[in-house]
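Asker: pasting the sequence and the predicted coordinates here, then a few questions.
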Amino acid sequence: MKKNDRFLRACRREPTDVTPVWFMRQAGRYMPEYRALREKHTLLELCKNAELACEVTLQPLRLGVDAAILFADILLPLEPMGAAFEFAKGEGPVIHEPIASMAQIEKLRVIEPREGLGYVLESIRTIQRELAGKVPLIGFAGAPFTLASYLIEGGGTKQFAKTKKMMYGAPDAWHALMGKLAEVVRRYLRAQVEAGADAVQLFDSWVGQLSPDDYREYVQPHVRHILQDVMTAGVPVIHFGTGTHTLLPAMRDAGGHVLGLDWRTPLAEGWSIVGHDRAVQGNLDPTVLFAPREVAEAHAARVLAEAAGRPGHIFNLGHGILPETPVETVQAVIDFVHEKSARS
Ligand SMILES: Cc1c2[nH]c(c1CCC(=O)O)Cc1[nH]c(c(CCC(=O)O)c1C)Cc1[nH]c(c(CCC(=O)O)c1C)Cc1[nH]c(c(C)c1CCC(=O)O)C2
């Protein structure tokens, strides 16, 4: 039993005393204590050292969030699969040899997480020991489309042109790549649950680039492969993407006990699209946290009003928190959500 289980209860659509809150990327550069650690260590050092990963994971708990999220990155599985990368200063991730051919895809290894990603599982065990049941711990992985886009583009992209070129022009290579990624991610999420994660989130951050028909043809079978299995592992599974308004029915069908919504979709509308037999998470625009406190609170109030007190809403942003976000506003919104949603 967790001392604070309102996040897990909401995932199961059970009533809670107040609406649970956590923020994607809640451990990161907007926090002074994170920046202080980053002066001494690279991002990958923080990810690969269980004590440091644990320290960073726990940092945002002082703000009163109702869940911790494992400190790691969605790209970590790519390295043991055989696709080396680095986080270049000011540029984001850079894949050393972007994937462009079937020959390269054939060489990618479908790893066992215990082999190449044992350090992440060690972090989970360390964090759970340190948390001692205080709040639940969320594990996570990137979804195949989002991972494939980094592998093929060699880093971040706006157009996804190379990604779609392979998808449309070389569907055999595309499905071979997506199949390998999906199997690794399925094993990885299962291993995280076995190591002690209380819930897991699949990040398909960039899948909103696709039309519903293309999603169903090129992505959905692979996401289904992951989620239909991981949903039987005994913990809540969150299925997240951005720009997904038209994809929500297909994403819901692929799986997830909880569907992530972003701010482009009003929460009430998104929830009725995915159906009230699922929980929802979201959906404050992260840039609202740059506004004066009263404006941010007014937007948070609107999100709560959209949820209408229905059990099964987890308050979050619609995407990750931005590095320059003022901590005071994050704190104010967390407190506001707890106070405003209190059920007497
Ligand atoms: C697409 C993606 C990535 N990583 C992630 C996603 C999916 C979520 C999303 O869409 O935002 C997920 C992620 N990355 C990180 C976490 C940690 C847990 C958390 O607090 O949420 C999580 C959940 C650490 C990180 N991963 C990264 C940082 C910033 C790192 C730093 O320099 O300290 C953090 C805290 C680096 C990273 N990692 C990635 C990029 C594009 C970048 C560079 C962009 C940036 O600098 O913000 C890939």
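Answerer: Alright, I've got the coordinates. Numbers count the residues shown, from 1 in each chain.
Asker: can we go C-alpha only for contacts and neighbour counts from here?
Answerer: Will do.
Asker: list the contacts of the residue of the stretch 101-250 of the chain found nearest the ligand.
Answerer: Closest residue of the stretch 101-250 of the chain to the ligand, C-alpha to the nearest ligand atom: residue 205 (4.4 Å). For residue 205, the contact set (C-alpha atoms under 8 Å, 6 or more residues apart in numbering) comprises 146, 240, 241, 242.
Asker: get me the contact residues on the stretch 151-300 of the chain for the ligand.
Answerer: Applying C-alpha under 6 Å from any ligand atom, one finds that the stretch 151-300 of the chain approaches the ligand through 203, 205.
Asker: in the stretch 151-300 of the chain, which spans are strands?
Answerer: 199-204, 237-241, 258-260, 279-284 (DSSP state E, counting those that start in this stretch).
Asker: list the pairing partners of the first one within its sheet, with orientation.
Answerer: Pointing back at strand 199-204 there. Partners of strand 199-204 in the sheet, by DSSP bridges, are strand 137-142 (parallel), strand 237-241 (parallel).
Asker: dump those into JSON lines; add mean neighbour count and mean pLDDT as well.
Answerer: Converted to JSON lines, those look like this (neighbours: other C-alpha atoms under 10 Å; pLDDT from 0 to 100):
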{"stretch": "strand 137-142", "mean neighbour count": "24", "mean pLDDT": "98"}
{"stretch": "strand 237-241", "mean neighbour count": "26", "mean pLDDT": "98"}
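Asker: tabulate these (JSON lines), appending distance to residue 94.
Answerer: Listed next are the strands paired with strand 199-204 as JSON lines, based on distance: least, C-alpha to C-alpha, whole Å:
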{"stretch": "strand 137-142", "distance to residue 94": "16"}
{"stretch": "strand 237-241", "distance to residue 94": "22"}
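Asker: can you check which of the ones you listed gets nearest to residue 57?
Answerer: Checking the strands paired with strand 199-204 against residue 57 by C-alpha to C-alpha gives strand 137-142 as the closest, at 9.2 Å.
Asker: now what about that closest one, what contacts it?
Answerer: 67-70, 73-75, 128, 185, 188-189, 192-193, 197-204.
Asker: give me the buried subset of those residues.
Answerer: Applying 16 or more other C-alpha atoms under 10 Å to the contacts of strand 137-142, the neighbour count classes 67-70, 74-75, 128, 185, 188-189, 192-193, 197-204 as buried.
Asker: one step back: out of the strands paired with strand 199-204, which gets nearest to residue 156?
Answerer: So among the strands paired with strand 199-204, strand 137-142 is nearest, using C-alpha to C-alpha, at 13.9 Å.
Asker: please name the residues that touch the residue in the stretch 1-150 of the chain that the ligand sits nearest to.
Answerer: Nearest residue of the stretch 1-150 of the chain to the ligand: residue 25, at 2.9 Å (C-alpha to the nearest ligand atom). Residues counted as contacts of residue 25 (C-alpha under 8 Å, 6+ apart) are 320, 321.
Asker: where does it sit: helix, strand or coil?
Answerer: Here residue 25 is coil, with the state taken from DSSP: H, G, I helix; E, B strand; the rest coil.
Asker: so what's the residue positioned nearest the centre of the chain closest to, chain neighbours aside?
Answerer: Most central in the chain under C-alpha atoms, centre = their mean is residue 203, positioned 4.0 Å from the mean C-alpha point. Spatial nearest neighbour of residue 203, chain neighbours left out: residue 142 (4.7 Å); criterion: C-alpha to C-alpha, 6 or more residues apart in numbering.
Asker: against residue 184, how distant is that neighbour?
Answerer: Computed as C-alpha to C-alpha, to the nearest Å, the residue 142 to residue 184 distance reads 10 Å.
Asker: repeat that for residue 330.
Answerer: Applying C-alpha to C-alpha, the value for residue 330 to residue 184 is 34 Å.
Asker: equivalent analysis for residue 321, please.
Answerer: 27 Å.
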